[in-house]
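Novice: Based on what follows, work out the 3D shape:
(2 chains)
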Amino acid sequence: MNLLETSQLTKYFGDTHAVDKVDFTIGEGEVVSLIGSNGAGKTSLVNLISGLLQPDSGKIVFRGADVTHESVYGRIRAGIARSFQIVNLFDELTVLDNVVLSIFSRELKTRAFWTLADHHHPIWQEAHDILLQFGLEPKSSVLAGGISQGERKLLDVAVAYALRPRLLFLDEPTSGVSTREKAPIMDVISSIVRSQGITAVVIEHDMDIIFRYSDRIVVMHQGVVLASGRPEEIRNNEAVKDAVFGPTHA
Amino acid sequence: MSGLSPSPEMAPPSASSAPAAFQRRSPVKVALWSIPITVVLIAVPWVVDEYQTILLAYGLAMAIAVLGFNLLLGYTGLLSFGHSAFFGVGAYAVAFMVKYLHVQSMELFLLAAIVGSGVVTVVFGYVCVRYTRIFFSILALALSQVLWSLAYKFFWVTGGTDGLRVPTPKLLGVGPAEGEDKIHFLTHRYYYYVLVVFVICVAVMWLVVHSPFGKALQAIRDNETRAQFIGIRIRAYRFMAFLISGIFTGIAGALWVPLNGLTTPDILNWQFSGEIVFMAVLGGFRNFTGPIVGAVVFNYLKTYAVGFTVYWQALLGIVLVVLVFVLPTGIVGTTKLLWARTRRRTSR
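Specialist: Take a look at the predicted model:
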């Protein structure tokens, strides 16, 4: 059974068909890369599934339940989390606070205004452990606005990961970081995702990363799914070569 | 304002296995610096003259209002230009209790202020928290002006510009002693009453802003989108913050009006909301204690400015401009900054 299925999912912005009748499936435990040139509809598709955008038509089924009109909150509780292309963090809070807040929210503790946040020791311990996993523990008491771009990218993922999602969308987790930093970042993310059995969808432009870390690649072009398959199949797909890679890559 | 974990200058990045957060912000540590201040406040009526004590009582009452206001501005990122409404509702609730129900109990006054300001805050909040930034500010201002115009026009109920008189109340069922001077009552028993309510309000607000709920508000302030995507229901949390904020301001209004002896529509006007904003900026709205300091200092500043020149509004305006340029983090923020610099220099 698929973890996620979209059928005929559609989103238009005026005359632009951002997502055009897309049928998209993700199996449990898969690491899927979503690729395509700028404007292909990758981020719009993720925004629709995560609830940031409402579709014009179509259906989203997650773990057998229709979540098409579910709120962002409802989707998070169902197990969908995401990171962002442009890092979204609580910059005036520390690195540790960012992760702690995620856990507080997951545990429905943010409603409590009669207890001190400091006194929830298991939550702080878990946040600390997550930072250790992501290699961010040495920066735990630094403000999130004061760490490097690569660290911010990792923290963005760590905040989403702290929600213990079933499905994690990673929107360009290495964009804006140096080439040297990309592989280490993806190594960390990939090892955590795979060790925890989390299903992940990665939007990326770096083809080396895509082919190295993906179980399956879905190619989007002008709002539709152009191809879907294992990395080697996509690498040799003529339509994909023409639309996405261009003649030089082939 | 610090986050959940220690401020960076206080605690350098650590590679220890235990989260630094485990060892800090105990209420005992807070008590270590708050108890001496409370002792000083207790001693005030015995060491300064009555006029100064009354000024301080005004300042403490206003501090409760600004603490409430700052839950929105400093912690939730919402600038309200309508808090005069909740202050006014608190004050008018007391005046109505006196005029129409002949109640004299201060405890019932406070209860009425909490209920009254709570009801008005629910109505205002339902409308306002759907918006942010300038839209939120203007909506809050517009709604408060509606209340001001009601108080102004329905003079047969509210007394109009003449206002409503509020006599000295009974505190815990006990009124002024036979032949006791009103000023003596206000500078001793009533002052201590205000002080006790002030301490309770500070303790409650401290708990709120350092609770997981308070941290969620800071998350909303910092990044609404991310807050939404970790599962925080933005509007519900803003609404709760608005409600707590309004009730605090209503309590302040109830404490203020027996000191003033009279309530008029002026305290419902937008200019009074502006003063609340001024107090928060003066003390520093990114610190927990900033609004308290700002309220007390502003009260003295305004009183002496009024006595010093007829152009006191212009003088306060100049102070505000200088403040924004020279002390953008307010009195408390700047003091903390200077203290941190001094510590760094001495530790070299």
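Novice: buried residues in stretch B:105-123?
Specialist: By 16 or more other C-beta atoms under 10 Å in any protein chain shown, the buried positions in stretch B:105-123 come out as B:105-106, B:108-110, B:112-114, B:116-118, B:120-121. In this view, the C-beta of every residue, glycine as well, is placed from N, C-alpha and C.
Novice: mind listing the helices in the stretch 51-200 of chain B by residue range?
Specialist: For the stretch 51-200 of chain B, the helices defined by DSSP state H, counting those that start in this stretch cover B:84-101, B:106-128, B:133-153, B:155-158, B:182-185, B:191-209.
Novice: what packs against the third one?
Specialist: Helix B:133-153 sits against helix B:84-101, helix B:106-128, helix B:155-158, helix B:270-283, with contacts defined as 3 or more C-beta pairs under 8 Å, 6 or more residues apart in numbering or on different chains; DSSP states H and E.
Novice: in chain A, which segments are predicted with low confidence?
Specialist: Where chain A drops to pLDDT under 70, the residues are A:246-250.
Novice: Quick one: residues contacting the residue sitting furthest away from the middle of it.
Specialist: In chain A, the greatest distance from the average C-alpha position (C-alpha atoms, centre = their mean) is reached by A:Trp114, at 33.8 Å. Contacts for A:Trp114 (C-beta atoms under 8 Å, 6 or more residues apart in numbering or on different chains) come out as B:207, B:211.
Novice: who's in contact with A:Ser7?
Specialist: Contacts of A:Ser7 by C-beta under 8 Å, 6+ apart are A:23, A:58-59, A:61.
Novice: Could you pick out the buried ones from these?
Specialist: With burial judged by 16+ other C-beta under 10 Å, the buried subset of the contacts of A:Ser7 is A:58, A:61.
Novice: any idea which of the contacts of A:Ser7 is closest to chain B?
Specialist: Nearest to chain B among the contacts of A:Ser7, counting by C-beta to the nearest C-beta, is A:Val61 at 20.7 Å.
Novice: so that closest one makes contact with A:Val67?
Specialist: Yes. Assessed by C-beta atoms under 8 Å, A:Val61 is found in contact with A:Val67 at 7.1 Å.
Novice: Endpoints of stretch B:174-190, how far apart?
Specialist: 11 Å (C-alpha to C-alpha, to the nearest Å).
Novice: Identify the residues contacting it?
Specialist: B:45, B:50, B:53-54, B:57, B:104, B:168-169, B:171, B:258-259.
Novice: Could I get the buried residue list for it?
Specialist: Buried, per 16+ other C-beta under 10 Å, within stretch B:174-190: B:175-176, B:185-190.
Novice: does the residue farthest from the centre of chain A belong to a helix or a strand, and which?
Specialist: Here A:Trp114, judged by DSSP states H and E, is contained in no helix and no strand.
Novice: ok so, going back, return the members of the contacts of stretch B:174-190 classed as buried.
Specialist: B:45, B:53-54, B:57, B:104, B:168-169, B:171, B:258-259.
Novice: Those residues of the stretch 201-348 of chain B touching chain A, which are they?
Specialist: B:207-208, B:210-216, B:218-219, B:221-223, B:225-233, B:237, B:240, B:244 (C-beta under 8 Å from any C-beta of the partner chain).
Novice: mind running it again at 6 Å?
Specialist: Residues of the stretch 201-348 of chain B lying close to chain A (C-beta under 6 Å from any C-beta of the partner chain) are B:208, B:210-213, B:215-216, B:219, B:222-223, B:225-226, B:228, B:230-233.
Novice: And B:Pro167, its phi and psi?
Specialist: Main-chain torsions, B:Pro167, degrees, to the nearest 10: phi -80, psi 180.
Novice: Which residue is the nearest non-sequential neighbour of residue 115?
Specialist: Went with chain A since none was named. B:Ser211 (5.8 Å; C-beta to C-beta, 6 or more residues apart in numbering or on different chains).
Novice: that's the other chain; I wanted chain B
Specialist: B:Ala93 (7.6 Å).
Novice: Let me know the secondary structure of B:Leu320.
Specialist: At B:Leu320 the chain is in helix, as set by DSSP: H, G, I helix; E, B strand; the rest coil.
Novice: what stretches of the stretch 51-200 of chain B score poorly on pLDDT?
Specialist: Using pLDDT under 70, nothing in the stretch 51-200 of chain B is flagged.
Novice: A strand includes B:Pro328, no?
Specialist: No. B:Pro328 is assigned coil when assessed by three-state DSSP, not a strand.
Novice: Could you report the pLDDT at it?
Specialist: pLDDT for B:Pro328: 84.
Novice: Report how many residues lie close to it.
Specialist: 12 (other C-beta atoms under 10 Å in any protein chain shown).
Novice: B:Ala142 too?
Specialist: For B:Ala142, using other C-beta under 10 Å, the count is 14.
Novice: got the residue ranges for the strands in chain A?
Specialist: In chain A, the segments counted as strands under DSSP state E are A:2-13, A:16-27, A:31-35, A:57-62, A:65-66, A:80-82, A:167-171, A:199-203, A:216-221, A:224-229.
Novice: Of the ones you listed, flag the one that's most buried.
Specialist: strand A:80-82 (a mean of 27; mean count of other C-beta atoms under 10 Å in any protein chain shown).
Novice: And the contacts of stretch B:174-190, which is closest to A:Lys182?
Specialist: Nearest to A:Lys182 out of those is B:Ala57 (C-beta to C-beta; 62.5 Å).
Novice: Identify the residues contacting that closest one.
Specialist: The contact partners of B:Ala57, taken as C-beta atoms under 6 Å, 6 or more residues apart in numbering or on different chains, are B:191, B:194, B:259.
Novice: residue ranges of the helices in chain A, please?
Specialist: A:42-50, A:72-78, A:95-106, A:121-133, A:149-161, A:179-196, A:207-213, A:231-235, A:238-240 (DSSP state H).
Novice: Include distance to B:Tyr100 when you put those helices into CSV, please.
Specialist: CSV is the format used below for the helices of chain A (distance: least, C-beta to C-beta, whole Å):
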stretch, distance to B:Tyr100
helix A:42-50, 55
helix A:72-78, 45
helix A:95-106, 46
helix A:121-133, 50
helix A:149-161, 54
helix A:179-196, 65
helix A:207-213, 73
helix A:231-235, 79
helix A:238-240, 79
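Novice: most packed of those?
Specialist: Among the helices of chain A, highest average neighbours (mean count of other C-beta under 10 Å) belong to helix A:95-106, with a mean of 29.
Novice: Say whether chain B is contacted by it.
Specialist: Yes. Residues of helix A:95-106 contacting chain B under C-beta under 6 Å from any C-beta: A:96-97, A:100-102, A:104-105.
Novice: on that earlier part again, mind giving me CSV with the helices and strands packed on helix B:133-153 and columns for distance to A:Met186?
Specialist: Listed next are the helices and strands packed on helix B:133-153 as CSV, based on distance: least, C-beta to C-beta, whole Å:
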stretch, distance to A:Met186
helix B:84-101, 52
helix B:106-128, 44
helix B:155-158, 67
helix B:270-283, 45
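Novice: Much appreciated, bye for now.
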